[in-house]
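In: Sequence below, structure please.
(3 chains)
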Amino acid sequence: MNWFMRWFHRFGSPVWFYRIAGKWLPWLSGLFLLLFIPGLYWGLFVAPTDYQQGESFRIMYVHVPAAWMSMFIYVAMAVCAAIALIWRMKLADVVLICSAPVGASFTFLALITGSLWGKPMWGTYWVWDARLTSELILLFLYLGIMALYNAFEEKRTASRAVAILTLVGVVNIPIIHYSVVWWNTLHQGASVSKMDAPSIHVDMLIPLILLGLAFQVFYVLVLFLRVRAELLDRELNTGWVRQLALEHDDD
Amino acid sequence: MNSPASAFFAQLRRDLLVAFRNRSEALNPLMFFVLVTLLFPLGVGPSANLLQTIAPGVLWVAALLAALLSLDSLFRSDYEDGTLVQLVLSPQPLGLLVVARVFAHWLMSAVPLLLLSPLLAVSLNMTPRAIPVLMLTLLLGTPVFSVIGAIGVALTVGLRRSGMLLALLVIPLYIPVLIFGAGAVDAAASGLPVTGQLYILAALLVLSLTLAPVAIAAALRMSVSQ
Amino acid sequence: MMTEFLQMGGYALYVWPSFALGMLVLLYNVAVPLLTHRAALRRAADFHAGRRTNGEQIQ
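Out: Model prediction:
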């Protein structure tokens, strides 16, 4: 248990995280490009045309990873919220609030690409499809978290409020999702599920997996960038920031 | 006087008394409910068929908005005069006291609305057999609005202008109740069984009653300590 | 060959905006923290060197 607590304290220390995250950044960027470029190439050039949807299925390579990330990031935030509330770990607060804009932007991307995909498939840009509607509600959950954080002047209070709201949200997300699915099947009869092909060709699946992993790495990468900036800001008057700032000032 | 149960009832009695003395304020959500409902025939036209189709949704949305607007009075005055600090510092479990407060608030703001809803349903030409279902779903659903709304209020009570923020935080969480509430009334109007929706609404009520007090208490502690 | 690819089987109007928006979102997510990091570093440097920032008096 001793090593765990030691690790935990060190991990929670802003200086340590700032340094380690800085060291990881080039590796993460490299890994991202290594997954992203082949994924994009495969998705655009190698993957065969879908026999039902034609070339429009390629929107999937933006839409699906974005939708995955929109949900994954919220869950990650909820884990941070629990850690922040139970162990009062400062870093968890920072990771939580730094994830919100990233999650919101992926949710936004999933919504817009979903609607662009919907136009050739359904004939209109917006259909009250269960997934699109859930995604729209998720966007408002993200926006609510960001608005609540910005409404407080003191960042410690804001972080606590946001952690509570995130946990309330994560309990609600499955309920919201299933109620929206129920509502959708009720009002649309046989649901239009053109978005998921019954079986997917391997050459179509590989780029999807590559891009999904690339987005995952991308999230960690931009999260580290954001957390580093936020830590500098929060710890402005501490010794380590002073040292760092004066080193930087010399250049 | 020291058991949690007696604290619960003491809190409830006190809150009801305060609410009763400000009873003119309790009428506001009711008037709002009627006015919002009135807007729809004026907005979409008086066609009886159209009104009949949209009546469940209209009444449920109006009830949701009325519940949202009534939330502000839940902790605001207590926060301003310092009573809230006393509540948080009391040796009794805060979650329990909060449930008493929310229950009193629900009795004063949502029950009148529930009693008036048949009248509005008739004015929107709702099928008579759907009206008992409307009341039953409102009976199960409005407490969920109050309890979840209380989380939002507890989070924002320390902020100066919190009205729009509260709406942004709370409305997404209200969606499941709206879907199953309005869905049940809709189904009843077309003569379909509604027990499934009623069970789900009851489950949502039980779930929110068990989990929300913890969140409300944590949020109140946060608001008071700032 | 190239034009055929760019036409995306007639779906160019939907496919390319999706990919472009995806790239924009990725770029935005990288650019914003880089800029705020630089601003935070400058603010910290000003603060510790005892300079004013945005007309704010420090000590």
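In: how about the helices of chain C, start to end?
Out: For chain C, the helices defined by DSSP state H cover C:2-7, C:12-48.
In: Could you do the stretch 101-250 of chain A as well?
Out: Listed in chain order, the helices of the stretch 101-250 of chain A (DSSP state H, counting those that start in this stretch) span residues A:130-151, A:155-188, A:202-234, A:239-250.
In: Reformat the ones you listed as a markdown table; add mean pLDDT, mean neighbour count and distance to A:Asn2.
Out: Any C-beta I mention is one placed from the backbone N, CA and C, and that applies to glycine too. Formatted as a markdown table, the entries for the helices of the stretch 101-250 of chain A read as follows, by pLDDT from 0 to 100; neighbours: other C-beta atoms under 10 Å in any protein chain shown; distance: least, C-beta to C-beta, whole Å:
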| stretch | mean pLDDT | mean neighbour count | distance to A:Asn2 |
| --- | --- | --- | --- |
| helix A:130-151 | 93 | 21 | 35 |
| helix A:155-188 | 88 | 20 | 27 |
| helix A:202-234 | 92 | 20 | 27 |
| helix A:239-250 | 80 | 15 | 25 |
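In: would you turn those into CSV with distance to A:Phe36?
Out: Output for those, formatted as CSV (distance: least, C-beta to C-beta, whole Å):
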stretch, distance to A:Phe36
helix A:130-151, 23
helix A:155-188, 28
helix A:202-234, 4
helix A:239-250, 30
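In: Next up, the contacts around the spatially most central residue of chain C.
Out: With distances taken as C-alpha atoms, centre = their mean, chain C has C:Ala31 as the residue nearest its mean C-alpha position (2.7 Å). Remark: with contacts taken as C-beta atoms under 8 Å, 6 or more residues apart in numbering or on different chains, C:Ala31 is in contact with nothing.
In: Against B:Leu173, how distant is the residue of the stretch 101-250 of chain A found nearest chain B?
Out: Minimum separation of the stretch 101-250 of chain A from chain B (C-beta to the nearest C-beta) falls at A:Ser179, amounting to 3.9 Å. With distances taken as C-beta to C-beta, to the nearest Å, A:Ser179 is found 11 Å from B:Leu173.
In: Please determine how far B:Ala55 is located from chain C.
Out: According to C-beta to the nearest C-beta, to the nearest Å, B:Ala55 stands 39 Å off from chain C.
In: Roughly how far does that residue sit from A:Leu109?
Out: From B:Ala55 across to A:Leu109, the span is 38 Å (C-beta to C-beta).
In: returning to that earlier point: which of the helices of chain C is buried the deepest?
Out: Mean neighbour counts were taken over the helices of chain C using mean count of other C-beta atoms under 10 Å in any protein chain shown, and the top value, a mean of 17, falls to helix C:12-48.
In: Kindly provide the whole-number mean pLDDT of that helix.
Out: Regarding helix C:12-48, the rounded mean pLDDT is 90.
In: Next, count neighbours for B:Met222.
Out: 23 (other C-beta atoms under 10 Å in any protein chain shown).
In: any idea which element it lies in?
Out: In this structure, B:Met222 sits in helix B:195-225 according to DSSP states H and E.
In: for residue 22, what are its contacts?
Out: All of this is about chain A. With the criterion set at C-beta under 8 Å, 6+ apart, A:Gly22 makes contact with A:Arg228.
In: Would you confirm that B:Met135 contacts B:Ser117?
Out: Yes: look at B:Met135 against B:Ser117 with C-beta atoms under 8 Å: they come within range, at 6.1 Å.
In: who's more crowded, the two?
Out: Neighbours around B:Met135 and B:Ser117, counted as other C-beta under 10 Å, are more numerous at B:Ser117. The numbers are 24 against 16.
In: Quick check: A:Ala100 vs chain C, distance?
Out: For A:Ala100, the distance to chain C (C-beta to the nearest C-beta) stands at 12 Å.
In: Near that residue, how many other residues are there?
Out: Using other C-beta under 10 Å: A:Ala100 sits among 23 other residues.
In: A:Phe57 now?
Out: For A:Phe57, the neighbour count with other C-beta under 10 Å is 27.
In: is it true that it touches A:Asp50?
Out: Yes: at 4.0 Å, A:Phe57 and A:Asp50 qualify as touching, with contact defined as C-beta under 8 Å.
In: where does the closest residue to the residue of the stretch 101-250 of chain A closest to chain B other than its chain neighbours fall, phi/psi-wise?
Out: The spatially closest residue to A:Ser179, leaving aside those adjacent along the chain, is B:Pro176, at 3.9 Å (C-beta to C-beta, 6 or more residues apart in numbering or on different chains). With angles defined as degrees, to the nearest 10, B:Pro176 shows backbone torsions of phi -60, psi -40.
In: Distance of B:Pro176 relative to A:Met121?
Out: Here B:Pro176 is placed at a distance of 28 Å from A:Met121 (C-beta to C-beta).
In: now B:Val214
Out: Separation of B:Val214 from A:Met121 (C-beta to C-beta): 43 Å.
In: ok, now B:Ala203?
Out: Taking C-beta to C-beta as the criterion, B:Ala203 is separated from A:Met121 by 35 Å.
In: Neighbour count for these two, which is higher?
Out: Between B:Ala203 and A:Met121, counting by other C-beta under 10 Å, A:Met121 is the more crowded of the two (17 against 13).
In: Report the separation between the residue nearest to B:Phe75 when sequence neighbours are not counted and B:Pro172.
Out: Once its chain neighbours are removed from consideration, B:Phe75 has its nearest residue in B:Val157; the separation is 4.7 Å (C-beta to C-beta, 6+ apart). For B:Val157, the distance to B:Pro172 under the criterion C-beta to C-beta works out to 20 Å.
In: where are the low-confidence patches of chain B?
Out: Segments of chain B classed as low confidence (criterion: pLDDT under 70) are B:1-2.
In: Contact residues of chain C facing chain A?
Out: Neighbours of chain A within chain C, by C-beta under 8 Å from any C-beta of the partner chain: C:5, C:8-11, C:14-15, C:17-19, C:21-22, C:25-26, C:28-30, C:32-34, C:36-37, C:40-41, C:43-45, C:47-49.
In: now do chain B
Out: Neighbours of chain A within chain B, by C-beta under 8 Å from any C-beta: B:148, B:151, B:155-156, B:158-159, B:162, B:165, B:168-169, B:171-173, B:175-176, B:179-180, B:183, B:204, B:211-212, B:215, B:218-219, B:222-223, B:225-226.
In: Buried ones among those residues?
Out: Burial by neighbour count, judged by 16 or more other C-beta atoms under 10 Å in any protein chain shown, picks out B:148, B:151, B:155-156, B:158-159, B:162, B:165, B:168-169, B:171-173, B:175-176, B:179-180, B:183, B:204, B:211-212, B:215, B:218-219, B:222-223 from those.
In: Now chain B against chain A: closest residue?
Out: In chain B, no residue comes nearer to chain A than B:Pro176, which is 3.9 Å away by C-beta to the nearest C-beta.
In: surely that residue meets A:Ile175?
Out: Yes: contact criterion C-beta under 8 Å: B:Pro176 and A:Ile175 qualify, at 5.0 Å.
In: Common neighbours of those two, please.
Out: Each of B:Leu204 lies in contact with both B:Pro176 and A:Ile175 under the rule C-beta under 8 Å, 6+ apart.
In: which non-adjacent residue is nearest A:Pro38?
Out: With C-beta to C-beta, 6+ apart, the residue lying closest to A:Pro38 is A:Leu210, at 5.9 Å.
In: wait, does stretch A:77-85 contact chain B?
Out: Yes: shown here: stretch A:77-85 in contact with chain B (C-beta under 8 Å from any C-beta) through A:Leu85.
In: And chain C, is that stretch touching that?
Out: No: residues of stretch A:77-85 contacting chain C under C-beta under 8 Å from any C-beta: none, with a closest distance of 15.6 Å.
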